[in-house]
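>>> here is my input, please return the structure:
(4 chains)
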2 protein chains.
Amino acid sequence: MAKLDFSPIADTTRRAEIVALLRRAILTGQLEPGQKLNELRIAEQMRVSRAPLREAMRELVQEGILTSIPYAGTFVIEVTAKDIIDAYSLNQVLDEFAIERTWPLRDQRFFDELDRRHDAVKEATRAKDTTRQIETALQLHGLIYEWADNSVLLETWQRLTSRLQMYFALHQRARNEPVPAEDVHETYVALMKGSDMRAAQRHAREHIDLDFEELLAYARGLEKRALKN
Amino acid sequence: MAKLDFSPIADTTRRAEIVALLRRAILTGQLEPGQKLNELRIAEQMRVSRAPLREAMRELVQEGILTSIPYAGTFVIEVTAKDIIDAYSLNQVLDEFAIERTWPLRDQRFFDELDRRHDAVKEATRAKDTTRQIETALQLHGLIYEWADNSVLLETWQRLTSRLQMYFALHQRARNEPVPAEDVHETYVALMKGSDMRAAQRHAREHIDLDFEELLAYARGLEKRALKN
DNA sequence: GACAAGCAGATTGTCGACAATCTAACAAGA
DNA sequence: TCTTGTTAGATTGTCGACAATCTGCTTGTC
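Presented below is the predicted three-dimensional model:
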């Protein structure tokens, strides 16, 4: 028999599609932080009953981008400056760990995939598709987690990614201007191909710090506005 | 008005209670790894309809202790040696980070709470209540996460805890003998009260390694058995 | 005018029934 | 004998309706 590994076929439950739809809406900022999700309304719009919608919402609550209060409703999480700081500082630690674990496992396939994802970022940048740019940048960054051969680490990263993507999207929408050049990624990719692991780890940490400053400033603005209400 | 902070009242939805019941059943090993959860049967036993039960199961799937295959069923996750290795290696990294962040925030309340939780472990050990012993030991360990003032880190730890507790419970049930002395915790508590952060971090890492060896041996046994089927 | 009680509307939580899908056993054909 | 098609039973996925709860308004009382 020919060695042909098929990928698992797509989940064809309504629930899975609803999860994907809602997640996308939240991460792109179509649903704003703090906004309430009215079950009846959303169910009608999606032409779906409330049962699978509610199950989907439970998943997103556990995923950390929705929050639920019994008999009151389910809401998109609020974003505070502290949340962003917390997420980023944890991300730094995880990055360091992921690079350490991935390092000895790097091979040609890794380098090829690294280039492929880097190209995707450049493509999105050229097309000025900011949403896709965030997505692809996070996917590029996520490669070290996929390669680290640690399923628990990968899961943790994926949870964190949801939030990071949401934060970035908020940020981008707020300042509404073209996104940073991809120089940072250029250096990152070069370092990940190189032989100095410590340098790669250091860069990952600093690279994050870079965009972090801007993001944080935005978050502080959010908090001030929130205080007025 | 008197400064009196009330704790939030309990969630009174069936769903929340079902989650708690199921989680406990899984973490104590009443529901074995790989076992299928029949919705109809469980719903009848709990005198509850399938709707809240299914929502509860979605939460536990996202929490990482159940796994779901569309139209096939929801199962307790299987435990492999690799899973345990992965969880522990990540735990080491997180511990180091948590201690670093908690360190400057330690105060009298922290020390008191540390002692309180340590006493709880000792009490459970005296009572030879192995399940409770695991719980309390993890709670003692979790204090650094609660104190680190990083919500994302805390969430991550709580997710990880579920698994660790499940692994430990499996292990204990398998060897079915009294549990290790609490000397390890004694040293840990002392170090957390001391002034040498590096020493505390080092100990946390080694302490984990200790039980880890046994747990890992057990996990390898599990894998061999699985291969026979 | 201030405040508590009570009511109406809207929304979430839960239920029982039906539809879609899977599994396993069996039958038919090469 | 092996494979393929069929079918019955069981189980999961989805639906529409009802119950429980919350929110805001109105009303009545002081």
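>>> which helix or strand contains the residue nearest the centre of chain A?
The structure's chain A has its C-alpha centroid closest to residue A:161; by C-alpha atoms, centre = their mean the separation is 3.0 Å. Counting by DSSP states H and E, the secondary-structure element that holds residue A:161 is helix A:151-175.
>>> let's test this: mean pLDDT of that helix, rounded?
On average, the pLDDT along helix A:151-175 is 90.
>>> could you export stretch A:122-132 as PDB, CA atoms only?
Listed next in PDB are the C-alpha coordinates belonging to stretch A:122-132 (Å, rounded to 0.1, in the frame of the first residue of the first chain):
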ATOM      1  CA  LYS A 122       5.400  39.400   3.500                       C
ATOM      2  CA  GLU A 123       2.500  38.700   1.200                       C
ATOM      3  CA  ALA A 124       0.000  40.000   3.700                       C
ATOM      4  CA  THR A 125       2.100  43.000   4.300                       C
ATOM      5  CA  ARG A 126       2.200  43.700   0.500                       C
ATOM      6  CA  ALA A 127      -1.500  43.300   0.300                       C
ATOM      7  CA  LYS A 128      -2.000  45.700   3.300                       C
ATOM      8  CA  ASP A 129      -4.300  43.100   4.800                       C
ATOM      9  CA  THR A 130      -3.800  43.900   8.400                       C
ATOM     10  CA  THR A 131      -5.900  41.200   9.800                       C
ATOM     11  CA  ARG A 132      -4.200  38.600   7.800                       C
END
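>>> what residues of that stretch count as buried?
Neighbour-count burial for stretch A:122-132 flags A:124, A:125, A:130, A:131, A:132 (criterion: 16 or more other C-beta atoms under 10 Å in any protein chain shown). Using the backbone N, CA and C atoms, a C-beta is placed for each residue, glycine as well.
>>> could I get those residues as CSV with pLDDT and distance to DNA strand C?
Compiled in CSV, the buried residues of stretch A:122-132 are given as follows (pLDDT from 0 to 100; distance: C-beta to the nearest atom of the strand, whole Å):
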residue, pLDDT, distance to DNA strand C
A:124, 90, 35
A:125, 88, 39
A:130, 85, 30
A:131, 87, 27
A:132, 90, 31
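>>> give me the residues contacting stretch A:198-209.
Residues outside stretch A:198-209 that contact it (C-beta atoms under 8 Å, 6 or more residues apart in numbering or on different chains) are A:88, A:91-92, A:95-96, A:99-100, A:103, A:184, A:187-188, A:191-192, A:194.
>>> same question, stretch A:64-71
For stretch A:64-71, the surrounding residues in contact (C-beta under 8 Å, 6+ apart) are A:23, A:26-27, A:37, A:57-58, A:60-61, A:74-77, A:159, A:162-163, A:166, B:11-13, B:16, B:155.
>>> in helices only, show me these.
Filtering those for membership in helices, criterion DSSP state H, returns A:23, A:26-27, A:57-58, A:60-61, A:159, A:162-163, A:166, B:16, B:155.
>>> which of those residues sits closest to residue B:82?
residue A:159 (19.9 Å; C-beta to C-beta).
>>> how is chain A carved up into domains?
A:14-76, A:81-228 (automatic domain parsing).
>>> in terms of mean pLDDT, which of those ranks lowest?
Of all the domains of chain A, mean pLDDT reaches its minimum on domain A:81-228 (a mean of 87).
>>> ok, residue A:73 - contacts?
Contacts for residue A:73 were tallied using C-beta under 8 Å, 6+ apart; they are A:36, A:37, A:38.
>>> now render these as CSV, adding neighbour count.
Supplementary listing: the contacts of residue A:73 in CSV, determined by neighbours: other C-beta atoms under 10 Å in any protein chain shown:
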residue, neighbour count
A:36, 13
A:37, 19
A:38, 12
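>>> how about these in TSV, adding distance to residue A:144?
Supplementary listing: these in TSV, determined by distance: C-beta to C-beta, whole Å:
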residue	distance to residue A:144
A:36	37
A:37	34
A:38	40
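>>> ok, is the helix holding residue A:161 in contact with chain B or not?
Yes: under the criterion of C-beta under 8 Å from any C-beta of the partner chain, chain B is reached by helix A:151-175 at A:151, A:152, A:153, A:155, A:156, A:159, A:160, A:163.
>>> among those, who's most crowded?
Across these, the neighbour count under other C-beta atoms under 10 Å in any protein chain shown reaches its highest value at residue A:156, namely 24 neighbours.
>>> can you name the residues that contact it?
Neighbouring residues of residue A:156 by C-beta under 8 Å, 6+ apart: A:94, B:90, B:156, B:159.
>>> can you check residue A:216 too?
A:81, A:84, A:85.
>>> whichever residue of chain A sits closest to chain B: neighbouring residues, count only.
Among residues of chain A, the one nearest chain B by C-beta to the nearest C-beta turns out to be residue A:62. It sits 3.2 Å away. Using other C-beta under 10 Å, residue A:62 has 20 other residues around it.
>>> again with residue A:86
When neighbours are counted by other C-beta under 10 Å, residue A:86 registers 21.
>>> how about residues contacting the helix or strand hosting it?
Secondary structure assigned from DSSP H and E places residue A:86 in helix A:81-102. Among residues not part of helix A:81-102, those counted as contacts by C-beta under 8 Å, 6+ apart are A:77, A:110, A:144-145, A:147-150, A:153, A:156-157, A:160, A:163-164, A:167, A:192, A:197, A:200-201, A:204-205, A:208, A:212, A:215-216, A:219-220, A:222-223, B:90, B:93-94, B:97, B:150-153, B:156.
>>> ok, and the closest non-adjacent residue to residue A:214?
On the basis of C-beta to C-beta, 6 or more residues apart in numbering or on different chains, the spatially nearest residue to residue A:214 that is not a chain neighbour turns out to be residue A:171, at 6.8 Å.
>>> spell out which parts of chain A neighbour DNA strand D.
Contact residues (C-beta under 7 Å from any atom of the strand) of chain A with DNA strand D: A:13, A:14, A:15, A:47, A:48, A:49, A:50, A:51, A:52, A:55, A:71, A:72.
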